[in-house]
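Colleague: Task: produce atomic coordinates for the following.
(2 chains)
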Protein chains: 2
Amino acid sequence: MRDALVAAAFQLFLERGYEQTTVDDIVALAGVGRRSFFRYFPSKEDVVFPDHERCLADMTAFLSVGGDEHEPVQRVCDAARLVLRMYAENPTFSVQRYRLTKQVPGLRGYELSVVWRYERALAEYLRGRFAGEADGTLRADVVAAAVVAAHNNALRSWLRSDGEGDAGAPMDHALGYVRAAFGGPPAARAAEGPEDVVVVVSRRGTPLWRVVQEIETTLGRG
Amino acid sequence: MRDALVAAAFQLFLERGYEQTTVDDIVALAGVGRRSFFRYFPSKEDVVFPDHERCLADMTAFLSVGGDEHEPVQRVCDAARLVLRMYAENPTFSVQRYRLTKQVPGLRGYELSVVWRYERALAEYLRGRFAGEADGTLRADVVAAAVVAAHNNALRSWLRSDGEGDAGAPMDHALGYVRAAFGGPPAARAAEGPEDVVVVVSRRGTPLWRVVQEIETTLGRG
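Modeller: Here you go, the predicted model:
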């Protein structure tokens, strides 16, 4: 029933446009009553993003089971990948929705509020992990925003290319950039040779991000 | 007239609540007609954020006049400070609005869309500066998001403390954290001693952000 409502809604959104489609039109095409629609979706906007609530719940659960054995920045990068996985489950639907969201201002606003909830979930996890450390909330908020921005950069590139090809490798690359700036080393690597010393020599005028790249390469994390 | 409408609106929002106040109530208290209200504000929500359009225009103008002499990350940090300055111009009003926005979901949505526009303005500038470089759009999007998150972290701390004290120093600290992760050196410093060599020695297990802090300190940029 839920899937039938989503399918009917998208058929009408594509045929007539989002604004010109009413909930009555959707339930008529799906052959169900209005109450059935509102049992699944609080509003017409929610049927456009039917899986975000589940994905947010999955993300929160994923973050809540992780203990101190997970490097925090790596952990939120892995949590962000759950969103990509949801989009990649149905590329055709994801690309249709992407185009629709770009055209309808109300849906863009809805999407911003969803993205904000993902970002808060990541930030809350990091605030917990960084609790008691210097600048803990600042670092948590900045890293969460950076992870979401990197994720969305890779996701939107994939959606703009009509969902063709594998989104996983570009996503790894984008999230790797954030880890290079903020992340600690993987726990396993830290345990391998904790007494190793790394020496980096750099001209004073070198941009810091280039120095970081150099360190990444030296440490074998690049 | 515009200021009188804002003052009347906030008086009523605080007395009766935002949802319970109509545009008719506001114009009646201000002693003007409905058309005057809508000449200044497209909707009731806009009167809550009367200065963001001006600030967005200021930010865009600020970024458009800067040439290649400005280090890009430093430049967007300076652009973000324009938003803090707008809030700091009237601490009482800013604190009232902060409390109102936390209580009214519709205003939170409006604020998210405003924040998103600031972030896009910063990202567009950075995309221009990083054009043709490897990962240019990725870096632009991530740095813009990080700057906005750092700015909002410092801004909200100040608003939560009722707008007491100087917000400038905590803002410098928050933006400095982002610059440490992503920014190049100030142009002047790079010119001072371009042939200086900096050596950083670090244990392999050290978190990268600590290494970056160490480099910052060594370079005297911390």
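
Colleague: For the helix or strand harbouring A:Ser64, report the contacting residues that lie outside it.
Modeller: Assigned by DSSP states H and E, A:Ser64 falls within helix A:52-65. For helix A:52-65, the external contacting residues (CB atoms under 8 Å, 6 or more residues apart in numbering or on different chains) are A:75-76, A:78-79, A:82-83, A:86, A:114, A:117-118, A:121-122, A:125. Glycine gets a C-beta too; all of them are placed from N, C-alpha and C.

Colleague: so can I have CSV of these showing distance to chain B?
Modeller: Putting the contacts of helix A:52-65 into CSV (distance: CB to the nearest CB, whole Å) gives the following:
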residue, distance to chain B
A:Arg75, 14
A:Val76, 13
A:Asp78, 17
A:Ala79, 16
A:Leu82, 19
A:Val83, 15
A:Met86, 20
A:Val114, 10
A:Arg117, 10
A:Tyr118, 13
A:Ala121, 14
A:Leu122, 11
A:Tyr125, 15
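
Colleague: who wins for neighbours among the residues you listed?
Modeller: Comparing those on neighbour count, A:Val76 comes out first with 34 neighbours (neighbours: other CB atoms under 10 Å in any protein chain shown).

Colleague: Hmm, A:Val143 and that one touching each other?
Modeller: Yes. A:Val76 is within contact range of A:Val143, at 6.8 Å (criterion: CB atoms under 8 Å).

Colleague: Kindly report the domain assignment for chain A.
Modeller: A:1-47, A:49-184, A:194-222 (automatic domain parsing).

Colleague: on that earlier part again, from the chain's centroid, how far away is the very next helix or strand once past the helix holding A:Ser64?
Modeller: From helix A:52-65 onward toward the C-terminus, using DSSP H and E, the following helix or strand is helix A:72-89. Remark: helix A:72-89 is offset 6 Å from the chain centroid, using CA atoms, centre = their mean, to the nearest Å.

Colleague: For A:Arg160, state which of the contacts of helix A:52-65 is nearest.
Modeller: A:Val83 (16.8 Å; CB to CB).

Colleague: The closest one and A:Trp158 touch, don't they?
Modeller: No. The pair A:Val83 / A:Trp158 is not scored as a contact, 12.0 Å apart, by CB under 8 Å.

Colleague: Please report how far A:Gly176 lies from chain B.
Modeller: 10 Å (CB to the nearest CB, to the nearest Å).

Colleague: Helix or strand: which one has that residue?
Modeller: Counting by DSSP H and E, A:Gly176 is part of helix A:168-182.

Colleague: Can you mark which positions in that helix are buried?
Modeller: A:170-171, A:174-182 (16 or more other CB atoms under 10 Å in any protein chain shown).

Colleague: In PDB, list the C-alpha atoms belonging to that helix.
Modeller: This file holds the C-alpha atoms of helix A:168-182, laid out as PDB (Å, rounded to 0.1, in the frame of the first residue of the first chain):
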ATOM      1  CA  GLY A 168      30.800   4.500  -3.900                       C
ATOM      2  CA  ALA A 169      34.300   5.400  -5.100                       C
ATOM      3  CA  PRO A 170      33.600   9.100  -5.600                       C
ATOM      4  CA  MET A 171      31.900   9.100  -2.100                       C
ATOM      5  CA  ASP A 172      35.000   7.400  -0.600                       C
ATOM      6  CA  HIS A 173      37.100  10.100  -2.200                       C
ATOM      7  CA  ALA A 174      35.000  13.000  -1.000                       C
ATOM      8  CA  LEU A 175      34.700  11.600   2.600                       C
ATOM      9  CA  GLY A 176      38.500  10.900   2.500                       C
ATOM     10  CA  TYR A 177      39.100  14.600   2.000                       C
ATOM     11  CA  VAL A 178      37.200  15.400   5.200                       C
ATOM     12  CA  ARG A 179      39.100  12.700   7.100                       C
ATOM     13  CA  ALA A 180      42.400  14.000   5.800                       C
ATOM     14  CA  ALA A 181      41.600  17.400   7.400                       C
ATOM     15  CA  PHE A 182      40.000  16.200  10.600                       C
END
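
Colleague: tell me which strands and helices that helix is in contact with?
Modeller: Contacts defined by 3 or more CB pairs under 8 Å, 6 or more residues apart in numbering or on different chains; DSSP states H and E place helix A:168-182 against helix A:72-89, helix A:136-160, helix A:208-219, helix B:136-160, helix B:168-182, helix B:208-219.

Colleague: List just the one of those helices that sits closest to B:Lys44.
Modeller: Per CB to CB, nearest to B:Lys44 of these: helix B:136-160, 21.8 Å.

Colleague: How about that closest one and chain A, any contact?
Modeller: Yes. Using CB under 8 Å from any CB of the partner chain, we find that helix B:136-160 touches chain A at B:137-139, B:141-142, B:144-146, B:148-150, B:152-154.

Colleague: Understood, closing this out.
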